[in-house]
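Engineer: pasting the sequence and the predicted coordinates here, then a few questions.
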Amino acid sequence: MKTAHKLKNFKRLKQVTNTLLKAELGYFISKLELKSYLSLKKKIHTKELHKPIESLPSRLRNAFEILGGSFVKLGQLLSLRYDLLPKEYCDEFSKLQDSVKPVAFSSIKKVIEEELNAPLDSIFKSFDKTPIAAASVGQVHKAVLKNGKIVAVKIQRPNIEKTFKDDIELFYYLAKKMMKHFPETKFYRPLEIIEEFEKYTIKELDYLLEAKNIEVFHKNFEKSEVVTIPYVDWKYTTKRLLLMEFIKGTKINEVKHFKNLRSTRKQVVANVLDAVTTQILEHKFFHADPHPGNIFLMKDNKIAFLDFGIVGRITEDMEKEIEDFIIALITKDIDLLVRSLMESGSIEGEIDVREFKNELSDSLSDYYNVSLNQINMTGMFLTTFKIARKYNIKVPMNYTMLGKSIITLEGFSSKYYPEFNFIEFVKPKVEVLMKKRYGPKFIFNSVKDTALDFKDIIKNLPSDVSALVRAIKYGAKINIEVDHKELKNFTLELDRSSNRLTLGIILAGLIISAAFLSSIKLPPMIGEVPLVVYILIVIITIISIVLLVSIFKEGKGGEE
């Protein structure tokens, strides 16, 4: 764990303390020993305030909003952590809007010219001095390049990196105080949250990383007739400057009349849901905060995604567990849900698996024992995360990002088109995913991976046993002599046996695949049987012959 350095920014801490008092959180000022940062008159007021019982989440959100900058960013990150924080806090923090007073154009112009090492008017034909958006890290201006292309220019605020670093130092300081004076907060891992925020901030302060995210999304949707992703102009993009295509449209949360845009609420909701579920289930790279303010509605019912600072990635090593997690929630498979959580998350301490499974099953039954159109995905996600937290299962960040994305989508669909059935929409996509699980490629890869793992275990067994023997030898002072030649022969024998075992497992997998596929009318067909089944039969025959020859040869060797 990183420890806080000696706090230097007393002025900022004084501002934080006064903001807490203004938000009627004087109780925490007393408990955290921050009274010395208040005037004498204000110190007296802190005694009059008792511990706030009601509306604490909204008071904290209000304080974060007043403090702005990194506090808003921290709140937005906390809104993702349904696996750590109670729902009411996540819901409140999700309301934080990163909108601040713009920086003067002269300061922005200076940053651009420093980054591009050229005068502004030598690059741009025109440049709007008034920003179209202003946030805590940077602001966006509309401009026209010399070649006539209309672009959006995202510029970082001057000295913002130092400002954020100073605030992160302050967060570490306050987190340690919280753990000292409110021991119960250790359960929410405040230092871990700040460490995560620090990593997240470092990434957000590098526009080159966001540009790479945009480029991935752009490539994934370049053939889409419904989704538009702005292209990045790498010639004018740096760590503090991001230049991309200007998207002409209206933020969905600012659309007053969908008919005026020749669109409907239902169509927009369907397009957004289809785009994000495609990102999750097919691209494995998704927008983690797809709220209406981050999506533009364009002409012809097209939508455009903006703000790619928070994205989720489903890497190859976690793909199966996350897919299992989604399938389990949709199909009500509690065993699969428990397995996916335990295999992907880290378990801190001992856990009673049966008790965990029973509690998960009982809690989710409230959501499952209803008709399809009444199932609440948000409730299912939150309940699952809450119980996992109770049993000290640390859910990976990508799970929580996935949860946040789904929760945002369900909230979006219920707001703009309440009749839209989220589960009904997602279920066919999950069924396609499940069919892939029974396809020959997936079965073959699963069998292959299992066989290779087993082969490695057998292959490494001699060296593992040798290491164990050495440990016993030195620990218990027992002298053991090993014939190296015999051990080598033993290793070769095990290697041959494991190769045959691998072929046997692959053979069994192929037979299962052939049997399964023979019942499916999968074109091209030869008579009543799919062509792929005949191909599998040929492969099965070849492997069987190889296996039998290997066994026969070894038998003859043994007789000799």
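Structural biologist: Everything's here; your move.
Engineer: C-alpha from now on. contacts and neighbour counts both.
Structural biologist: Fine.
Engineer: now do the domain split for this protein, please.
Structural biologist: 10-98+162-203, 250-435, 440-559 (automatic domain parsing).
Engineer: can you put those in JSON lines and add mean neighbour count and distance to Val227?
Structural biologist: Output for those, formatted as JSON lines (neighbours: other C-alpha atoms under 10 Å; distance: least, C-alpha to C-alpha, whole Å):
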{"stretch": "domain 10-98+162-203", "mean neighbour count": "18", "distance to Val227": "25"}
{"stretch": "domain 250-435", "mean neighbour count": "17", "distance to Val227": "5"}
{"stretch": "domain 440-559", "mean neighbour count": "14", "distance to Val227": "30"}
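Engineer: next, format those as TSV and append distance to Glu210.
Structural biologist: Formatted as TSV, those follow (distance: least, C-alpha to C-alpha, whole Å):
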stretch	distance to Glu210
domain 10-98+162-203	8
domain 250-435	6
domain 440-559	33
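Engineer: will you turn those domains into a markdown table that also has mean pLDDT?
Structural biologist: Converted to a markdown table, the domains of the chain look like this (pLDDT from 0 to 100):
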| stretch | mean pLDDT |
| --- | --- |
| domain 10-98+162-203 | 84 |
| domain 250-435 | 84 |
| domain 440-559 | 60 |
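Engineer: out of those, the one nearest Gly138 is which?
Structural biologist: Nearest to Gly138 among the domains of the chain is domain 10-98+162-203; the distance by C-alpha to C-alpha comes to 10.2 Å.
Engineer: report the distance from that closest one to the chain centre.
Structural biologist: Its chain's C-alpha centre and that of domain 10-98+162-203 lie 24 Å apart, by C-alpha atoms, centre = their mean, to the nearest Å.
Engineer: which one, of the domains of the chain, ends up nearest to Ser136?
Structural biologist: Between Ser136 and the domains of the chain, the shortest gap by C-alpha to C-alpha is with domain 10-98+162-203, which sits at 4.8 Å.
Engineer: ends of the closest one, what's the gap?
Structural biologist: 27 Å (C-alpha to C-alpha, to the nearest Å).
Engineer: ok, for the residue nearest in space to the middle of the chain, nearest residue in space, not its chain neighbours?
Structural biologist: Closest residue to the average C-alpha location of the chain: Asn398 at 2.7 Å, with C-alpha atoms, centre = their mean. In this structure, Asn398 finds its nearest non-sequential neighbour in Gly312, 5.9 Å apart by C-alpha to C-alpha, 6 or more residues apart in numbering.
Engineer: returning to that earlier point: among the domains of the chain, which is nearest Asn213?
Structural biologist: In terms of C-alpha to C-alpha, the element of those nearest to Asn213 is domain 250-435, at 6.5 Å.
Engineer: could you work out the end-to-end span of the closest one for me?
Structural biologist: One end of domain 250-435 to the other measures 38 Å (C-alpha to C-alpha).
Engineer: now it: how far from the chain's centre is it?
Structural biologist: Domain 250-435 sits 11 Å away from the centroid of its parent chain (C-alpha atoms, centre = their mean).
Engineer: partners of the residue nearest to Asn398 in the sheet?
Structural biologist: Taking DSSP bridges as the rule, Gly312 bridges to Phe286.
Engineer: where's the residue nearest to the centre of the chain, which helix or strand?
Structural biologist: helix 397-416 (DSSP states H and E).
Engineer: what's that helix in contact with?
Structural biologist: Applying C-alpha atoms under 8 Å, 6 or more residues apart in numbering, the set of residues contacting helix 397-416 from outside is 80-83, 265-266, 269, 273, 280, 287-292, 311-314, 322, 377-378, 381, 420, 422.
Engineer: next structured bit after it?
Structural biologist: In N-to-C order, the element after helix 397-416 by DSSP H and E is helix 422-437.
Engineer: for that following helix, packing partners?
Structural biologist: In terms of contacts (3 or more C-alpha pairs under 8 Å, 6 or more residues apart in numbering; DSSP states H and E), helix 422-437 is packed against helix 316-331.
Engineer: can you check what angle separates the helix it packs on from helix 422-437?
Structural biologist: Between helix 316-331 and helix 422-437, the angle comes out at 130 degrees (axes from the mean of the first three to the mean of the last three C-alpha atoms, to 10 degrees).
Engineer: could you export helix 316-331 as CSV, CA atoms only?
Structural biologist: Taking C-alpha atoms only, helix 316-331 is exported to CSV below (Å, rounded to 0.1, in the frame of the first residue of the first chain):
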residue,chain,number,x,y,z
GLU,A,316,-8.5,-13.4,-23.1
ASP,A,317,-7.7,-14.8,-19.7
MET,A,318,-10.9,-13.4,-18.2
GLU,A,319,-13.2,-13.9,-21.2
LYS,A,320,-14.7,-17.2,-20.1
GLU,A,321,-15.4,-16.2,-16.5
ILE,A,322,-17.1,-12.9,-17.6
GLU,A,323,-19.2,-14.8,-20.2
ASP,A,324,-20.1,-17.3,-17.6
PHE,A,325,-21.1,-14.5,-15.3
ILE,A,326,-23.5,-13.0,-17.9
ILE,A,327,-24.9,-16.4,-18.9
ALA,A,328,-25.5,-17.3,-15.3
LEU,A,329,-27.4,-14.1,-14.5
ILE,A,330,-29.6,-14.4,-17.6
THR,A,331,-30.3,-18.2,-17.3
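Engineer: how far does stretch 138-151 sit from its chain's centre?
Structural biologist: 31 Å.
Engineer: quick one: buried residues of that stretch?
Structural biologist: Within stretch 138-151, the residues that count as buried by 16 or more other C-alpha atoms under 10 Å are 138-144, 150-151.
Engineer: elements contacting the helix or strand encompassing Thr201?
Structural biologist: Assigned by DSSP H and E, Thr201 falls within helix 190-204. In terms of contacts (3+ C-alpha pairs under 8 Å, 6+ apart), helix 190-204 is packed against helix 160-181, helix 207-220.
Engineer: need the residues that contact it.
Structural biologist: By C-alpha under 8 Å, 6+ apart, the residues outside helix 190-204 that reach it are 1-2, 74, 77, 164, 168, 171-172, 175-176, 179, 209-210, 309.
Engineer: change it to 10 Å
Structural biologist: Helix 190-204 is contacted from outside by 1-4, 70, 73-75, 77-78, 81, 84, 137, 161, 164-165, 168-169, 171-176, 178-179, 186, 209-210, 239, 308-310, 397, using C-alpha atoms under 10 Å, 6 or more residues apart in numbering.
Engineer: what angle separates it from helix 160-181?
Structural biologist: Using the same axes, to 10 degrees: helix 190-204 against helix 160-181 is 170 degrees.
Engineer: I'd like the distance from helix 190-204 to the chain centre, please.
Structural biologist: The answer for helix 190-204 is 14 Å, by C-alpha atoms, centre = their mean.
Engineer: next, the angle from that helix to helix 397-416.
Structural biologist: Put simply, helix 190-204 runs at 80 degrees to helix 397-416, going by the same axes, to 10 degrees.
Engineer: re earlier: distance to Val426 for the helices and strands packed on helix 190-204 - can I get that in TSV?
Structural biologist: Below are those laid out as TSV (distance: least, C-alpha to C-alpha, whole Å):
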stretch	distance to Val426
helix 160-181	39
helix 207-220	20
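Engineer: beta partners for the closest residue to Phe127 other than its chain neighbours?
Structural biologist: Closest residue in space to Phe127, ignoring its immediate chain neighbours: Ala143 at 4.3 Å, by C-alpha to C-alpha, 6+ apart. In this entry, Ala143 is beta-bridged to Phe127, Val151, by DSSP bridges.
Engineer: pretty sure Ala143 contacts Ile247?
Structural biologist: No. At 12.0 Å, Ala143 and Ile247 do not qualify as touching, with contact defined as C-alpha atoms under 10 Å.
Engineer: that'll do, ta.
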